[in-house]
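Colleague: Output the structure for:
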Amino acid sequence: MSVKNKTILLITFILILFSVAIFYVIQIKQTQKMKVFQENYFQSLNISYENINKKYENYYTETVQYSFSDFELKEAVRNKDRDLLYKLTENKYKILKKQNINLVSMKFYLPDNTTLLNMNNPRDTSIKKNDVLIQKVNKNQKVAFGAEQGDEHIIYKSIHPMYYGNEYLGAVEFGINIDYILDDMKKYANIDGALSVLYSDSSSFKISHKTIDNINILEYIAKITEYKPYENIKTKGGNNHILYTFSIKNLNNLTIAKLYFVQDITKELSQFEQNLQIIAMLLAAMVLVTIILIHFIVSKSLKDLESSYSDLYEYIDMIDNNVMIVDTSIEGKIIGVSQRFCEISGYSQKELIGKLFNDLKDDSVSDEDINKINETLQKDGSWSGEVKNQTKDKKPYWLNTKIEAKIKDSKFICYNYIMHDITDSKLKEELVFIDELTKLYNRKFFNDIFPRMVNGIKRNGGCINFTVLNLDDFKKYNDIYGPLKGDKALVSVSETLTASLRRPDDYCFRLGGGEFGILFRTASEDEGYLYTQVLKKNIEMIGIKNEANITHKVITASFGIVSLMSDKIIDEKDVYKRAYEHLSRAKQDGRNKIVRKLI
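Modeller: Numbers count the residues shown, from 1 in each chain. Below is the predicted model:
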């Protein structure tokens, strides 16, 4: 046999093996696709089931809100007037039963868990303690829903609290025959089902209601002892079905009924088998047609595959080296980090893994700010904003950050941080809003934040405090000691004022020369005055010598303060004007004074 024929034979053999492998893979994929189809349909049924329950829950919630809120009805409940209550609700009950034929009971309960009125037996004057569900409603005074086993049916109960103003009157219960699930699933999801109930006098489940007509399937359901979410069954007629099973549990988490839904997949399976047959024939034909070209096709395919992998790895490297990404556990520990974030933080990947992300925050970021971020994450599952961190060598950097919780199958995976470096823009912003000498906020920033903070407190409540202070005899100090000493004194005063700030939203400004402003919020007006006394004392205690200050011989300051509760605020111009009037009076009264009112 020639080398050529041997080569062709070898290629043919490889091609046949390859075709068989492809066929096997396709078969597996088709099988997996069928399983995914089953799983998706199961999830779809589950959603439909939940939506139907939610529909009734919302319906009866709105019914209580609009039809059971009149004054006379609540008076009857409050006065425990059973006859009047029955008279007022008899027609409502009839209307509700017409609207929902599965409504089988309506009862009123008092806060001590006793029955006030049973609409099905209004002449029954006996008072009995009720079940766990009504006890839960009376305890929490919130709406509750749950399934319970009745005398003849599984009852889905919807219990709603009733109020008379702020007074809790008790609750009203609507009992719905759970047969409605099958009827509504037939109507909205176009699927037949059966309800199997565990009766109190039996240890096995028995079918109580059905929309399934196939006797073979019903017999199969009746014999089930091991329950699965879904399984394939084949009836005597040769049809294939998927049987989906849902458990109905009571408040004690005990299964009291089973819901079965059946889907005929004979057509799908037939199509599945036909597809496999077609694929097998096509593969056989391809063996004959492509025997000579297989070498070139495989070679080209391998080259394309290698190229794709190369592009993918290049893309991953590009992301890792250019995008800042961090994944953390629910406790905030770093479990994954990109190389770009390692570079900006100054830490290695090994150093960052297992470290709390919040440990990277800058010292100027308060625990209160971190708590607000965590509260938003827990509430909404995401947060966006600016984060200020510090590098390994304590240098600050700013990140525009978006945090999202990754959830899969209702299970928390991690918090994903995607960040963008905004350090340069923040530093430029500091150049615009920060006084170059004292490093305090300048008047430009004051003009921006002052009206917003005043109007915010006026709108949301609280007490605004604006203190303007001027260093006493500071011009004379500069004349005596020189401008360099004057600058040094301004820096010392600025550092003292900054150290005296108490909250993240307390602001200190250099408004010009030896003039400073403090803007802060308090709970009361007196609290603002007491805080200003602390500022005055702290400036005196610096002890900067000033011979021009004849009385104290050290640098002191005069203060004008305005403290206004939100309901007394006119506007920011009024607050500003008053503060400077008070400062002027402090200067007139001998300096080193605090004036908060003009008498």
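Colleague: Low-confidence ranges, the stretch 351-500 of the chain, go.
Modeller: For the stretch 351-500 of the chain, the stretches with pLDDT under 70 are 430-431.
Colleague: could you show me where the strands are in it, in order?
Modeller: For the stretch 351-500 of the chain, the strands defined by DSSP state E, counting those that start in this stretch cover 382-390, 396-408, 411-421, 463-471.
Colleague: closest to Asn40 out of those?
Modeller: strand 396-408 (15.8 Å; CB to CB). Just so you know, the C-beta spots here come from the backbone N, C-alpha and C atoms, and that holds for glycine as well.
Colleague: Now do that closest one against strand 382-390, angle only.
Modeller: 150 degrees (axes from the mean of the first three to the mean of the last three CA atoms, to 10 degrees).
Colleague: Mind giving me the packing neighbours of strand 396-408?
Modeller: Helices and strands touching strand 396-408, by 3 or more CB pairs under 8 Å, 6 or more residues apart in numbering; DSSP states H and E, are helix 367-380, strand 382-390, strand 411-421, helix 423-433.
Colleague: Which one, of the ones you listed, ends up nearest to Val493?
Modeller: The nearest among those, by CB to CB, is helix 423-433 at 19.6 Å.
Colleague: gap between Ile561 and Ile569?
Modeller: Separation of Ile561 from Ile569 (CB to CB, to the nearest Å): 15 Å.
Colleague: which one of these two has more residues nearby?
Modeller: Here Ile561 and Ile569 are compared on neighbour count by other CB atoms under 10 Å; more neighbours surround Ile561, at 26 against 19.
Colleague: Surely that one is in a strand?
Modeller: Yes - assessed with DSSP: H, G, I helix; E, B strand; the rest coil, Ile561 lies in a strand.
Colleague: Give me the distance between it and Gly513.
Modeller: 19 Å.
Colleague: now swap in Thr522 and tell me
Modeller: Applying CB to CB to Thr522 and Gly513 gives a distance of 28 Å.
Colleague: now Leu182
Modeller: 84 Å.
Colleague: Asn166: how many residues sit nearby?
Modeller: Using other CB under 10 Å, Asn166 is surrounded by 5 other residues.
Colleague: related to what we said a few turns ago, let me know which of the strands of the stretch 351-500 of the chain is tucked in deepest.
Modeller: Across the strands of the stretch 351-500 of the chain, the average number of neighbours (mean count of other CB atoms under 10 Å) peaks for strand 463-471, which reaches a mean of 24.
Colleague: Could you list the domains of the protein?
Modeller: 39-276, 297-322, 324-423, 434-595 (automatic domain parsing).
Colleague: Not counting sequence-adjacent ones, nearest residue to Lys80?
Modeller: Leu116 (6.2 Å; CB to CB, 6 or more residues apart in numbering).
Colleague: nope, Lys392 is what I meant
Modeller: Lys392's closest residue in space is Gly346 (CB to CB, 6+ apart), at 3.5 Å.
Colleague: residue contacts, that neighbour?
Modeller: By CB atoms under 8 Å, 6 or more residues apart in numbering, the contact list for Gly346 reads Thr391, Lys392, Asp393, Lys395.
Colleague: and if you look at Val575?
Modeller: Contacts of Val575 by CB under 8 Å, 6+ apart are Val454, Ile464, Phe466, Val562, Leu564, Ile569.
Colleague: again with Tyr347
Modeller: Counted by CB under 8 Å, 6+ apart, Tyr347 has contacts Lys355, Lys392.
Colleague: picking up where we left off before, alpha carbons of the helix or strand hosting the residue nearest to Lys80, as CSV, please.
Modeller: Assigned by DSSP states H and E, Leu116 belongs to strand 115-118. What follows is strand 115-118, C-alpha atoms only, in CSV (Å, rounded to 0.1, in the frame of the first residue of the first chain):
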residue,chain,number,x,y,z
THR,A,115,-62.6,34.9,66.9
LEU,A,116,-65.0,37.9,66.8
LEU,A,117,-67.0,36.8,63.7
ASN,A,118,-67.1,33.9,61.3
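Colleague: Who are the packing partners of it?
Modeller: The helices and strands touching strand 115-118, judged by 3+ CB pairs under 8 Å, 6+ apart, are helix 82-99, strand 103-109.
Colleague: These into CSV, with extra columns for mean pLDDT and mean neighbour count?
Modeller: Shown next, in CSV, are the helices and strands packed on strand 115-118 (pLDDT from 0 to 100; neighbours: other CB atoms under 10 Å):
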stretch, mean pLDDT, mean neighbour count
helix 82-99, 91, 15
strand 103-109, 90, 20
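Colleague: Between those, which one is closest to Asn121.
Modeller: Judging those by CB to CB, what sits closest to Asn121 is strand 103-109, at 9.4 Å.
Colleague: in which helix or strand would I find Phe509?
Modeller: strand 507-512.
Colleague: Ok, Glu343 next?
Modeller: Using DSSP H and E, Glu343 falls in helix 339-345.
Colleague: so what secondary structure elements neighbour that helix?
Modeller: helix 294-322, strand 324-328, helix 349-352.
Colleague: least reliable of those going by mean pLDDT?
Modeller: Ranked by mean pLDDT, these bottom out at helix 294-322, which scores a mean of 64.
Colleague: circling back to that earlier point, got the helices and strands packed on strand 115-118 as a markdown table, with distance to Ile518 columns?
Modeller: Shown next, in a markdown table, are these (distance: least, CB to CB, whole Å):
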| stretch | distance to Ile518 |
| --- | --- |
| helix 82-99 | 63 |
| strand 103-109 | 59 |
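Colleague: Could you say which one of these comes nearest to Thr245?
Modeller: strand 103-109 (25.2 Å).
Colleague: what are the pairing partners of that closest one, and which direction each?
Modeller: strand 115-118 (antiparallel), strand 167-177 (antiparallel) (DSSP bridges).
Colleague: Dump the ones you listed into CSV; add distance to Lys136, mean pLDDT and mean neighbour count as well.
Modeller: Formatted as CSV, the strands paired with strand 103-109 follow (distance: least, CB to CB, whole Å; pLDDT from 0 to 100; neighbours: other CB atoms under 10 Å):
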stretch, distance to Lys136, mean pLDDT, mean neighbour count
strand 115-118, 16, 90, 20
strand 167-177, 10, 90, 21
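Colleague: Let's have those strands in JSON lines, adding distance to Ile221.
Modeller: Listed next are the strands paired with strand 103-109 as JSON lines, based on distance: least, CB to CB, whole Å:
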{"stretch": "strand 115-118", "distance to Ile221": "34"}
{"stretch": "strand 167-177", "distance to Ile221": "20"}
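Colleague: Leu352: which of the ones you listed is closest?
Modeller: Taking the strands paired with strand 103-109 one by one with CB to CB, strand 167-177 is closest: 52.8 Å.
Colleague: Run the angle between the closest one and helix 82-99 for me.
Modeller: 40 degrees.
Colleague: on that earlier part again, among the contacts of Gly346, which one has the most neighbours?
Modeller: In the contacts of Gly346, the most neighbours by other CB under 10 Å go to Thr391, 15 neighbours.
Colleague: check contacts around the residue nearest to Lys80.
Modeller: Neighbour list for Leu116: Val77, Lys80, Arg82, Leu85, Phe108, Tyr109, Leu110, Gly170 [criterion: CB under 8 Å, 6+ apart].
Colleague: ok, now which ones touch the closest residue to Ser425 other than its chain neighbours?
Modeller: Distances taken as CB to CB, 6+ apart place Trp398 nearest to Ser425, at 7.9 Å, with adjacent residues excluded. Listed by CB under 8 Å, 6+ apart, the contact partners of Trp398 are Glu386, Val387, Lys388, Asn389, Asp421, Ile422, Thr423, Ser425, Lys426.
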